[in-house]
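>>> would you be able to build a 3D model of this:
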Amino acid sequence: MTFPPPPTGPDDEPSAPPKPTEPPASSIPTPPPAPPPGPYSPYGPRAPQDLPGPPAHDPPLQRASFQDPAQHDPLAAALGNASLLGVGYLLMRRHGLFWTAAVVTFALVWTTVATAETWSEVLLLLWWAAVVAHGWLLARRRQGSPRTTQRLVALGLSVAVLLGVGLLRFDAHGIEDDIARARADGDCGAVTEAQEQVWAGHRVAAAPVAARGDRAVDTCERLETAEARLAAGLNGDQDDLTSGFRLLASILEEDSRNDATVGTSLDRFLDGLPTDDACETVRITDWLNDRETEPGQQVLDRSSETADRLAPAALMGCGDALMSTQEWSQAESRYQRLLDEYPGDSREGQARKAIRKAVLALQLEEVQQLVRENRYCEAPAKYEGAPARRAGSGRSLFLGDGEHSGKLPGAWRTTDAAKAALVVCVGQQGFGSAVRTCPYRSETSGQITDVTFRRVSLPVKVYALRTGKRVADRTVQISGSTCPSLFFTYGVIPSNKYVTPSKSDIRNAFSSVLGR
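Residues are numbered from 1 along each chain as shown. So this is what the prediction gives:
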């Protein structure tokens with residue numbers, strides 16, 4: 001096919017055709033032979049199969065079509081949106097949708113991290129499926145030919161995002177397993193150490209899992225608080241003891257998986273028992289035994305078991321401590337509780353002896369108080385630890401008129417109730433039987449008066465201190481010398497006068513009543 005030369009303007013000079021260049025003789029091809037005559041040929045008709053084909057040196061024909069930039073690849077769009085980065089919308093040049101999707105994705109991711117709930121992850125997953133489907137459907141409206149480059153780019157981004165999320169979730173669940181094992185072992189230190197591996201990526205990819213780890217760490221911190229309160233309870237603060245157990249109970253109510261860690265905290269508290277103060281240990285064991293348990297708190301029941309194991313020794317030690325401070329009544333009650341609540345305990349014999357000692361101390365304390373208040377003769381009491389009453393031996397505690405009893409031999413009397421076998425209550429002295437009458441003249445008036453000398457009469461009550469029972473109630477008359485040559489008196493000369501007893505007279509008077 002040939003084309004006519006381009007037209008020239010009026011001012012254009014016609015250009016001379018170029019002179020053909022003569023090829024060298026050696027390069028002039030030999031003209032082909034004349035084709036046979038046939039149709040469509042000046043030489044005659046020609047069969048169709050005899051028509052010449054295209055030159056052998058021309059390239060093959062290709063079909064070229066116009067590519068509209070507004071057409072899209074649905075698969076590339078869907079893969080781009082699968083990355084949750086809105087790449088599919090960028091490939092479709094839908095910038096408004098790209099920014100809208102970015103805002104919604106950010107809001108959902110923020111919600112997932114903030115709430116750390118499964119429903120937020122489900123909502124994010126639904127949003128992911130929605131943007132993938134929307135990208136596919138939107139691209140299909142103006143579907144064009146496949147675009148390999150776009151598909152590869154979109155696929156790479158989506159795989160990178162999804163693979164990263166998957167790996168982060170896998171790692172988060174591994175950390176959760178470590179925390180679960182640590183909790184099962186009751187090791188709060190390992191729980192905290194495992195949770196420290198969680199970073200922002202885990203909180204985005206597996207927010208609920210990370211949040212469960214946070215709650216486990218928070219539980220361990222609360223357990224530390226409970227342990228501190230229980231430790232204060234060991235020092236006698238019962239309010240802290242109550243508060244610590246209440247906190248342990250609340251942690252158990254929240255999650256049964258806290259049994260091991262709560263048990264570890266409780267064991268640390270129980271390891272502090274018994275305390276150095278036996279009476280404080282008794283108060284703690286009493287509190288532990290009186291504590292009301294709730295269903296699902298069997299872990300805390302071991303505190304009662306520990307209290308039952310420690311209480312006998314604590315009661316014994318507390319009783320001994322109270323005995324050393326002369327708190328006899330309280331000491332007796334501790335020993336008695338040991339016998340009543342723990343029959344058959346190895347300390348039973350020791351406790352009975354201690355009770356006897358405490359009872360005697362109480363009796364002696366009561367007697368001593370009555371003696372100090374001079375009320376024993378009105379309300380006699382027993383002291384079973386007193387020496388037995390034996391004829392010819394034993395000392396007596398004299399109460400009342402001490403003018404004559406004070407002249408008794410020292411082996412007969414005592415001022416220590418703990419050493420007395422008898423308590424002798426001596427009443428007010430009076431005139432006893434007459435011994436002799438003698439006349440006396442007053443040097444002032446010269447009047448002569450007969451003076452009768454009488455024995456000293458003393459009402460005496462004797463009590464056996466060991467039993468507190470009265471063993472004698474009589475009047476003792478003490479003899480003595482009479483009719484002295486001279487005596488002094490105020491006023492008129494009395495008609496009756498006491499004899500002057502000697503120590504032997506007093507001893508003879510009391511010997512019969514004292515059994516000596």
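>>> okay, now the domains of the protein?
Using automatic domain parsing, the domain parsing of the chain gives 232-360, 396-514.
>>> rebuild the ones you listed as a markdown table, extending it with distance to residue 140.
Every C-beta, even on glycine, is put in place using the N, C-alpha and C of the backbone. Output for the domains of the chain, formatted as a markdown table (distance: least, CB to CB, whole Å):
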| stretch | distance to residue 140 |
| --- | --- |
| domain 232-360 | 50 |
| domain 396-514 | 113 |
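>>> just put these in JSON lines and tack on mean neighbour count.
Formatted as JSON lines, the domains of the chain follow (neighbours: other CB atoms under 10 Å):
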{"stretch": "domain 232-360", "mean neighbour count": "17"}
{"stretch": "domain 396-514", "mean neighbour count": "16"}
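>>> looking at the ones you listed, which is nearest to residue 178?
Proximity to residue 178 (CB to CB) singles out domain 232-360 among those, at 14.0 Å.
>>> pull the distance from the closest one to the chain's centre.
Distance of domain 232-360 from its chain centroid, counting by CA atoms, centre = their mean, to the nearest Å, is 17 Å.
>>> residue 126: neighbouring residues, count only.
11 (other CB atoms under 10 Å).
>>> hang on, I meant residue 159
Residue 159 - counted by other CB under 10 Å - has 13 other residues nearby.
>>> about what we covered before: would you list the domains of the chain in CSV and tack on distance to residue 226 and mean pLDDT?
Listed next are those as CSV, based on distance: least, CB to CB, whole Å; pLDDT from 0 to 100:
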stretch, distance to residue 226, mean pLDDT
domain 232-360, 4, 91
domain 396-514, 52, 91
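>>> helices of the stretch 351-500 of the chain, start to end?
Under the criterion DSSP state H, counting those that start in this stretch, the stretch 351-500 of the chain carries no helices.
>>> where do the strands of it begin and end?
396-400, 422-426, 430-441, 448-464, 469-478, 496-498 (DSSP state E, counting those that start in this stretch).
>>> can you tell which of the ones you listed is closest to residue 129?
Of these, the one closest to residue 129 (CB to CB) turns out to be strand 469-478, at 102.8 Å.
>>> who touches that closest one?
If you take CB atoms under 8 Å, 6 or more residues apart in numbering as the criterion, strand 469-478 is touched by 380, 382, 389, 404, 422, 432-433, 455-464, 499, 501, 505-506, 509-510, 513.
>>> ok, now with 6 Å
If you take CB atoms under 6 Å, 6 or more residues apart in numbering as the criterion, strand 469-478 is touched by 432, 455-464, 501, 505-506, 509, 513.
>>> what's the answer for stretch 365-376, then?
Residues contacting stretch 365-376 (CB under 6 Å, 6+ apart): 381, 383, 417, 423.
>>> how many neighbours does the residue nearest to residue 76 when sequence neighbours are not counted have?
Leaving aside its sequence neighbours, residue 76 sits nearest to residue 150 (CB to CB, 6 or more residues apart in numbering; 3.8 Å). As a burial measure, residue 150 scores 21 neighbours (other CB under 10 Å).
>>> so residue 150, which state does it fall into?
Following DSSP: H, G, I helix; E, B strand; the rest coil, we place residue 150 in the helix state.
>>> who touches it in this structure?
Counted by CB under 6 Å, 6+ apart, residue 150 has contacts 73, 76, 91.
>>> rerun at 10 Å
72, 73, 75, 76, 77, 79, 80, 87, 88, 90, 91, 92 (CB atoms under 10 Å, 6 or more residues apart in numbering).
>>> same check, this time on residue 309
Going by CB under 10 Å, 6+ apart, the list of residues near residue 309 reads 270, 273, 274, 285.
>>> any idea what sits nearest the third one, other than its immediate chain neighbours?
In space, not counting the residues next to it along the chain, residue 274 is nearest to residue 281; the distance is 4.2 Å by CB to CB, 6+ apart.
>>> tell me which element that neighbour is part of?
helix 278-290 (DSSP states H and E).
>>> that older thread, CSV for the contacts of residue 309, including distance to residue 177?
As requested, these are exported to CSV (distance: CB to CB, whole Å):
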residue, distance to residue 177
270, 30
273, 35
274, 40
285, 40
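>>> related to what we said a few turns ago, save the strands of the stretch 351-500 of the chain as JSON lines, and put in distance to residue 223 too.
Output for those, formatted as JSON lines (distance: least, CB to CB, whole Å):
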{"stretch": "strand 396-400", "distance to residue 223": "64"}
{"stretch": "strand 422-426", "distance to residue 223": "64"}
{"stretch": "strand 430-441", "distance to residue 223": "83"}
{"stretch": "strand 448-464", "distance to residue 223": "65"}
{"stretch": "strand 469-478", "distance to residue 223": "64"}
{"stretch": "strand 496-498", "distance to residue 223": "87"}
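>>> out of those strands, flag the one nearest residue 353.
strand 448-464 (24.3 Å).
>>> mind exporting the closest one as PDB, just the C-alpha atoms?
Presented in PDB, the C-alpha positions along strand 448-464 are these (Å, rounded to 0.1, in the frame of the first residue of the first chain):
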ATOM      1  CA  ILE A 448      -9.800   1.800 200.900                       C
ATOM      2  CA  THR A 449     -11.300  -0.300 198.000                       C
ATOM      3  CA  ASP A 450     -11.400  -4.100 197.500                       C
ATOM      4  CA  VAL A 451     -10.000  -4.900 194.100                       C
ATOM      5  CA  THR A 452     -10.800  -8.300 192.600                       C
ATOM      6  CA  PHE A 453      -8.200  -9.600 190.100                       C
ATOM      7  CA  ARG A 454      -9.800 -11.600 187.300                       C
ATOM      8  CA  ARG A 455      -8.400 -13.800 184.500                       C
ATOM      9  CA  VAL A 456      -8.300 -12.300 180.900                       C
ATOM     10  CA  SER A 457     -11.200 -13.800 179.000                       C
ATOM     11  CA  LEU A 458     -10.800 -14.000 175.100                       C
ATOM     12  CA  PRO A 459     -13.400 -15.400 172.700                       C
ATOM     13  CA  VAL A 460     -11.500 -17.500 170.200                       C
ATOM     14  CA  LYS A 461     -12.600 -19.200 166.900                       C
ATOM     15  CA  VAL A 462     -10.200 -21.500 165.200                       C
ATOM     16  CA  TYR A 463     -10.400 -22.500 161.500                       C
ATOM     17  CA  ALA A 464      -8.500 -25.100 159.700                       C
END
